[in-house]
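> below are the sequence and a predicted model; questions follow.
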Amino acid sequence: MIHYFKVLILLSITFLNSNRTVGQGIGIESNSGSSYQMFLVPKEIDKSSKEYEKFASKIYLSDTFLSSEIDNFQDKVYLKYNIFKDEMEFINDNKIYYLKKNLGRKIHFFDLNIDFEIFNYKEQLTYFQILNKNKVLLLKKYNVDFQEEKKAVSSYQQDRPANFTRKDDVFFIKLNNEIIELTSNNKKFLNLLDSPDNKIKKFITENKLTIKKERDLLKIINYYNSL
């Protein structure tokens, strides 16, 4: 029971005015002045809404709330990662809230067997998926792009509705306490991971690896860590 209340404190719960419009982001300030964002729970949204069904699968990592662990607390909570908002959502009292972001906060999804951690990237607290556990970390950032509605400018065109689109994942490394986005340019990549006697370059060539594939990047970074 003690662990349960600790988890609730971590979740930083605030409540939502039920008269708000579904889908609107609403800022709430607690007594301490902290600001949070929240949305209505899906079951309070009209399930017949084609717009909701169309967008939901694109902006979330999973279709459902998944069993998760926060910062090694023993009690499990159910979270869903909103890629577009870069927020972890949870349900309380039939409403959806965002998990409070703290630097270094760790999330483990049991069903997916993946880990996230919050890092400071470009002065923003940001979730990254951790792909390895070593001195130099390989990180992945999921990517969703929003395209605004575009009205037709002539009778020969059609209106283009607003839409979300999943983009290619973006990879980073944490090197010397700095989060660095990886490039797809081989020369720049090798300059970033400089090694004696061009060992990284030889390793990539001999094993026919490419820096454009996640599994190959993981092999390269793990090899770099072994040097």
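Great, that's in hand.

> who are the packing partners of the strand ranked longest in the chain?
Secondary structure of the chain read by DSSP state E shows that its longest strand is strand 163-175. Counting by 3 or more C-beta pairs under 8 Å, 6 or more residues apart in numbering; DSSP states H and E, the packing neighbours recorded for strand 163-175 are helix 50-59, strand 137-147, strand 178-181, helix 214-226. C-beta here means a position set from N, CA and C on the backbone, and glycine is covered the same way.

> including mean neighbour count, distance to Ile204 and mean pLDDT, could those go into JSON lines?
Below are the helices and strands packed on strand 163-175 laid out as JSON lines (neighbours: other C-beta atoms under 10 Å; distance: least, C-beta to C-beta, whole Å; pLDDT from 0 to 100):
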{"stretch": "helix 50-59", "mean neighbour count": "13", "distance to Ile204": "34", "mean pLDDT": "72"}
{"stretch": "strand 137-147", "mean neighbour count": "17", "distance to Ile204": "15", "mean pLDDT": "91"}
{"stretch": "strand 178-181", "mean neighbour count": "13", "distance to Ile204": "18", "mean pLDDT": "96"}
{"stretch": "helix 214-226", "mean neighbour count": "16", "distance to Ile204": "6", "mean pLDDT": "96"}
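
> those: which one's closest to Lys106?
strand 137-147 (12.4 Å; C-beta to C-beta).

> now do the closest one against helix 214-226, angle only.
Using axes from the mean of the first three to the mean of the last three C-alpha atoms, to 10 degrees, one finds that strand 137-147 and helix 214-226 are set 150 degrees apart in direction.

> give me the helices and strands touching strand 137-147, please.
Here strand 137-147 touches strand 124-130, strand 163-175, helix 214-226, going by 3+ C-beta pairs under 8 Å, 6+ apart.

> returning to what we had before: so for Lys202, which of the helices and strands packed on strand 163-175 sits nearest?
Go through the helices and strands packed on strand 163-175 one by one with C-beta to C-beta and the one that ends up closest to Lys202 is helix 214-226, at 10.2 Å.

> only the C-alpha atoms, please, for that closest one, written as PDB.
What follows is helix 214-226, C-alpha atoms only, in PDB (Å, rounded to 0.1, in the frame of the first residue of the first chain):
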ATOM      1  CA  GLU A 214      19.100  -0.100 -36.000                       C
ATOM      2  CA  ARG A 215      20.500  -3.600 -35.500                       C
ATOM      3  CA  ASP A 216      23.800  -2.700 -37.300                       C
ATOM      4  CA  LEU A 217      24.100   0.600 -35.300                       C
ATOM      5  CA  LEU A 218      23.700  -1.400 -32.100                       C
ATOM      6  CA  LYS A 219      26.500  -3.800 -33.100                       C
ATOM      7  CA  ILE A 220      28.800  -0.800 -34.000                       C
ATOM      8  CA  ILE A 221      28.200   1.000 -30.700                       C
ATOM      9  CA  ASN A 222      28.600  -2.100 -28.700                       C
ATOM     10  CA  TYR A 223      31.900  -2.800 -30.500                       C
ATOM     11  CA  TYR A 224      33.000   0.800 -29.800                       C
ATOM     12  CA  ASN A 225      32.200   0.300 -26.100                       C
ATOM     13  CA  SER A 226      34.400  -2.800 -26.100                       C
END
